[in-house]
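Asker: Build me a model:
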Amino acid sequence: MEIRVLIALLIVIALVVGVNGLLLVALRKGRDIQQIQLWQKAAHRARDPWQPENDDLAELSKLVSQLKETGENAEEQK
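Answerer: Presented below is the predicted three-dimensional model:
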């Protein structure tokens, strides 16, 4: 059982070191700033995948509230 744990640990360490190494190489090239920005955008999107939809729903809710307010005022004036 210990051998499997060691193998799994080595695989995880290799993945972490490999990804970090690739990022370091990308940074040193200097031309991959766009790629880094893509990674940042992907990380931001992963934190809140429904952000654009939530923003749209919030705007819709605000507009509906405004319509309700003007509709109630129009009925009161009659």
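Asker: could you point out where the protein is predicted with low confidence?
Answerer: 1, 30-33, 72-78 (pLDDT under 70).
Asker: can you list the domain ranges for it.
Answerer: 1-47, 52-78 (automatic domain parsing).
Asker: Would you mind giving those domains as a markdown table with mean neighbour count added?
Answerer: Quick note: C-beta positions are derived from backbone N, CA and C, even for glycine. Converted to a markdown table, the domains of the chain look like this (neighbours: other Cβ atoms under 10 Å):
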| stretch | mean neighbour count |
| --- | --- |
| domain 1-47 | 10 |
| domain 52-78 | 9 |
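Asker: tell me which element the residue most central in space within the chain falls in.
Answerer: Closest residue to the average C-alpha location of the chain: R45 at 1.5 Å, with Cα atoms, centre = their mean. Assessed by DSSP states H and E, R45 sits inside helix 33-47.
Asker: Now do K29 against Q40, distance only.
Answerer: According to Cβ to Cβ, to the nearest Å, K29 and Q40 sit 17 Å apart.
Asker: What of Q66?
Answerer: 35 Å.
Asker: go on, V64?
Answerer: Distance from V64 to Q40, by Cβ to Cβ: 34 Å.
Asker: same thing with A8?
Answerer: For A8 relative to Q40 (Cβ to Cβ), the value is 30 Å.
Asker: Identify the residues contacting the residue nearest to the centre of the chain.
Answerer: Q51 (Cβ atoms under 8 Å, 6 or more residues apart in numbering).
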